[in-house]
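Colleague: sequence unknown, structure follows:
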């Protein structure tokens, strides 16, 4: 290996090491002290509950581990948005599991908690996956109630989704393993089957203190809404469990009896490992986001047998399109080529930029994959569409619109991996979050923004300078540098993959060598949901 490869490898492995360190921190939830207090009540933590429930011999993936990171600091923080979401297997059946983390503000719902729960339900709905709720929550976090209560994508949408999933025949199972109060009480009861743990689980619209204040009745919480009350008197819950493990064992037994599902029919053969070592991506991917590299080498480290059958290999070269297999699943790959190439006219084209010919190629390839029922995988390292008079006169907006149209109307499942840059309209055309990828993940090397920190800082600096000069201030070279650095540092924080993950613009930040696992599990999930409508581009200008 050459010196450049080794330097890249060192930098990228450091980023992965930082990722693991940060994942370790958020996995502690509210901290070791609160975990010990939780255990003293005879309860498992959210992560322990999920670990016990999921099949140990099968893969699982976590959605939104960094949700709400560095948010709500004035309220003491909310690691992982106070809820753990995983896709895994229960008795061999693929499921989504959602568990409130009661070590974080007693499992209270922050605005990002609602957003993360809605994302979990969205994944279950799109893929027709059973969803299991492990409930242990004090309800809405009242100081932020105006940001979680009344809007369309707020708390109430969760119960609406419960009803919609029930009508779609998507299995929902809830276990009340701690508090379940106020509006949150509807979630388990709108599920198909509900369990409650004796002595630690409780369900009521209003707790004993509020009941006393509202109607003057004196009653303890256990009598008001404990397991005996709801299993023997109200009939609200279906099963009484003696402890957490008993409840989780009951869920396993219920899931084990769920019948088979109608399949979408995506093509799969016997999986093969890549011939190129997956860990070679650490050395191929440049440490600097502005450096060039050959995306084809990344693909060969990712796909079965390192085989990639290119579509229109010699046309529109700044986007690579072609067929491959990932863990046996047939996929169509659309990837930004990050090295400088020559087009058919011998003209140089910049890597990572979408030109008219590459947009045209991608549009055709998306249509082909939809016709053949082949899932799409987008590998993003894009700085945007080409600008300038030549591109504008050549109709770059029209060609870009065709590509966006094709991505928007695609009916096969889409999966997006943000490898490097994800800037501007390039994010949209390459199936950013707004274009409904079934899963969207980022590598630690990713950057998501309207433009790079350097470019944005230059634009914002000109605006700031003009504003100050209008006020009569003289801008010295030193002052200009100070302004530039201040703007760039602020902007750089916002392009970080951790900032995107905190806001759930991506589902996860992953180790690059885990990419195959995420895509494979994603396609397996999508295979639960047959395609119900034909591919139609609608009206586009030719």
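Modeller: The structure has been received and is ready for your questions. What you see is a predicted model; the values in this text were computed from it and never measured.

Colleague: quick one: list the elements packing against the helix or strand of the chain with the lowest mean pLDDT.
Modeller: Within the chain, no helix or strand scores below helix 453-470, which has a mean of 77 by mean pLDDT, DSSP states H and E. If you count contacts as 3 or more Cβ pairs under 8 Å, 6 or more residues apart in numbering; DSSP states H and E, helix 453-470 packs onto helix 477-495. C-beta: built from backbone N, CA, C; applies to glycine.

Colleague: residues in contact with the helix it packs on?
Modeller: 447-449, 452-454, 456-458, 460-461, 464-465, 475, 499 (Cβ atoms under 8 Å, 6 or more residues apart in numbering).

Colleague: what's the average pLDDT for it?
Modeller: Mean per-residue pLDDT for helix 477-495: 81.

Colleague: may I see the buried residues of that helix?
Modeller: By neighbour count on 16 or more other Cβ atoms under 10 Å, the buried set for helix 477-495 is 483-484, 487-488, 491-492, 495.

Colleague: any idea which helix is longest in the protein?
Modeller: In the chain, with assignment by DSSP state H, the single longest helix is helix 3-26.

Colleague: outside of it, which residues touch it?
Modeller: Counting by Cβ under 8 Å, 6+ apart, 1, 65-66, 69, 79-80, 281-287, 444-445, 498, 509-512 sit against helix 3-26.

Colleague: try stretch 279-295
Modeller: Residues from elsewhere that reach stretch 279-295 (Cβ under 8 Å, 6+ apart): 1, 5-9, 11-13, 16, 297-298, 301-302, 320, 335-340, 351, 379, 381, 419-421, 443, 445, 447, 452, 512-513.

Colleague: in PyMOL, select just the buried ones from these.
Modeller: To isolate in PyMOL the members of those that are buried, counting by 16+ other Cβ under 10 Å, one can use:
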select buried, resi 8+9+11+12+16+297+298+301+302+320+335+336+337+338+339+351+379+381+419+420+421+443+445+447+452+512+513
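
Colleague: let me see the ranges of the strands in the stretch 251-400 of the chain.
Modeller: Assignment of strands within the stretch 251-400 of the chain using DSSP state E, counting those that start in this stretch yields the ranges 309-310, 319-326, 329-336, 341-342, 348-349, 353-354, 376-382, 384-385.

Colleague: which of those sits closest to residue 257?
Modeller: strand 329-336 (27.7 Å; Cβ to Cβ).

Colleague: chain center to the closest one, what's the gap?
Modeller: When C-alpha coordinates are averaged (Cα atoms, centre = their mean, to the nearest Å), strand 329-336 and its chain have centres 19 Å apart.

Colleague: next: stretch 510-524.
Modeller: From the chain centre to the centre of stretch 510-524 is a distance of 12 Å (Cα atoms, centre = their mean).

Colleague: could we number from 192 for the rest of this?
Modeller: Right, with 192 as the first residue, what we last looked at is stretch 701-715.

Colleague: quick one, what contacts residue 353?
Modeller: Counting by Cβ under 8 Å, 6+ apart, residue 353 touches 363, 377-378, 381-382.

Colleague: can you do 7 Å?
Modeller: The contact partners of residue 353, taken as Cβ atoms under 7 Å, 6 or more residues apart in numbering, are 363, 378, 381-382.

Colleague: same thing with residue 659?
Modeller: When contacts are counted by Cβ under 7 Å, 6+ apart, residue 659 touches residue 666.

Colleague: rewinding a little: same list (the buried residues of helix 668-686) but as CSV, adding distance to residue 354.
Modeller: Output for the buried residues of helix 668-686, formatted as CSV (distance: Cβ to Cβ, whole Å):
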residue, distance to residue 354
674, 53
675, 53
678, 47
679, 48
682, 42
683, 43
686, 39
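
Colleague: surely residue 256 and residue 697 touch.
Modeller: No - using Cβ atoms under 7 Å, residue 256 makes no contact with residue 697, being 10.8 Å away.

Colleague: who's sitting farthest from the centroid in this protein?
Modeller: Distance from the centre of the chain peaks at residue 663, with 47.7 Å (Cα atoms, centre = their mean).

Colleague: can you tell me the SS state at that residue?
Modeller: With DSSP: H, G, I helix; E, B strand; the rest coil as the basis, residue 663 sits in coil.

Colleague: so where's the stretch 442-591 of the chain shaky on pLDDT?
Modeller: Applying pLDDT under 70 to the stretch 442-591 of the chain flags no residue at all.

Colleague: that one: helices as residue ranges?
Modeller: 472-475, 486-491, 547-563, 580-584, 587-600 (DSSP state H, counting those that start in this stretch).

Colleague: make JSON lines out of the ones you listed and add distance to residue 427.
Modeller: Output for the helices of the stretch 442-591 of the chain, formatted as JSON lines (distance: least, Cβ to Cβ, whole Å):
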{"stretch": "helix 472-475", "distance to residue 427": "51"}
{"stretch": "helix 486-491", "distance to residue 427": "53"}
{"stretch": "helix 547-563", "distance to residue 427": "46"}
{"stretch": "helix 580-584", "distance to residue 427": "63"}
{"stretch": "helix 587-600", "distance to residue 427": "43"}
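
Colleague: just the helices from the stretch 192-341 of the chain, written as ranges.
Modeller: Secondary structure of the stretch 192-341 of the chain by DSSP H, counting those that start in this stretch: the helices cover 194-217, 223-231, 237-244, 302-318.

Colleague: from the chain's centre, how far out does the longest one sit?
Modeller: The gap between where helix 194-217 is centred and where its chain is centred comes out at 21 Å by Cα atoms, centre = their mean.

Colleague: for the record, mean pLDDT for that helix?
Modeller: For helix 194-217, the per-residue pLDDT averages 96.

Colleague: with adjacent residues omitted, what lies nearest to residue 704?
Modeller: residue 469 (4.4 Å; Cβ to Cβ, 6 or more residues apart in numbering).

Colleague: show the pLDDT at residue 400.
Modeller: You'll see residue 400 listed with a pLDDT of 78.

Colleague: run a quick neighbour tally on it.
Modeller: 9 (other Cβ atoms under 10 Å).

Colleague: ok, then the element right after the helix or strand it falls within?
Modeller: In this assignment (DSSP states H and E), residue 400 forms part of helix 399-406. Downstream of helix 399-406, the next assigned helix or strand under DSSP H and E is helix 412-416.

Colleague: what residues does the helix or strand following that following helix touch?
Modeller: Per DSSP H and E, the first helix or strand lying C-terminal to helix 412-416 is helix 418-419. Under the contact criterion Cβ under 7 Å, 6+ apart, helix 418-419 has outside partners 387-390, 392, 431.

Colleague: just checking, what packs against whichever helix or strand comes after helix 418-419?
Modeller: Sequence-wise, the next helix or strand downstream of helix 418-419 (DSSP H and E) is strand 430-432. Applying 3 or more Cβ pairs under 7 Å, 6 or more residues apart in numbering; DSSP states H and E, one finds that strand 430-432 makes contact with strand 384-388, helix 435-447.
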